[in-house]
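Student: A predicted structure for the sequence below; I have some questions about it.
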Amino acid sequence: MSRSGSQTLFDEAGPRVLEALVAGASAADAARAHGVSQGAVKGWLARGREDPGSRYGSFACEVDAARAGRRLSTRRGLVGERETLELLGAAARAGSVPALRELLRWHRERRRPLADGHPLDELDELAARRRRPNDAPKAQ
């Protein structure tokens, strides 16, 4: 990219990178597609978040708003089973123990017997042993 006068990389590539990020591209993909480094894009985002009044502020704000909008469901009405499982899965991956317990309960209720047992059988056995501390093998 050739820049003329006082035009910076941000001035030249920023609007196109912003468009790609708002459309859902990762920082790496947006940067690569528009000939800038991923570090530059992440730097623009960091500076905009640190100083919303700076020239990078609206850039970061638009990217963050678009990403937040994609995370929020735009559907109306009750949450369906698939969406519930997706939300529980995301919460469990983020470290929510109650969400993990709910997912395990859901899978246990719906599991079908397999010829060689179910993958969760070992967890069930471990949980049963932990509930019965007197049945644990005694140390020598």
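Tutor: Nice, I can see it.
Student: Would you list the phi and psi of residue 52?
Tutor: In terms of degrees, to the nearest 10, the main-chain angles of residue 52 are phi -60, psi -20.
Student: separation between it and residue 62?
Tutor: 11 Å (CB to CB, to the nearest Å). C-beta here means a position set from N, CA and C on the backbone, and glycine is covered the same way.
Student: for the residue nearest the centre of the chain, helix, strand, or coil?
Tutor: With distances taken as CA atoms, centre = their mean, residue 90 lies nearest the centre of the chain, 7.1 Å away. Counting by DSSP: H, G, I helix; E, B strand; the rest coil, the backbone at residue 90 sits in helix.
Student: shift numbering so it begins at 34
Tutor: Okay, residue one is now 34; in that scheme the one you just asked about reads as residue 123.
Student: which residues in this structure form helices?
Tutor: Taking DSSP state H to define them, one finds helices in the chain at 42-55, 60-66, 71-83, 90-104, 114-126, 130-143, 154-164.
Student: I'd like the distance from the fourth one to the chain centre, please.
Tutor: Centroid displacement of helix 90-104 relative to its chain, using CA atoms, centre = their mean, to the nearest Å, is 15 Å.
Student: can you check the first one too?
Tutor: For helix 42-55, the distance from its own C-alpha centre to the chain's C-alpha centre is 23 Å (CA atoms, centre = their mean).
Student: Point out the other helices and strands that it packs with.
Tutor: The helices and strands touching helix 42-55, judged by 3 or more CB pairs under 8 Å, 6 or more residues apart in numbering; DSSP states H and E, are helix 60-66, helix 71-83, helix 90-104.
Student: Which one of these lies nearest to residue 51?
Tutor: helix 90-104 (5.7 Å; CB to CB).
Student: And the average pLDDT for that closest one is what?
Tutor: Model confidence over helix 90-104, given as mean pLDDT, is 79.
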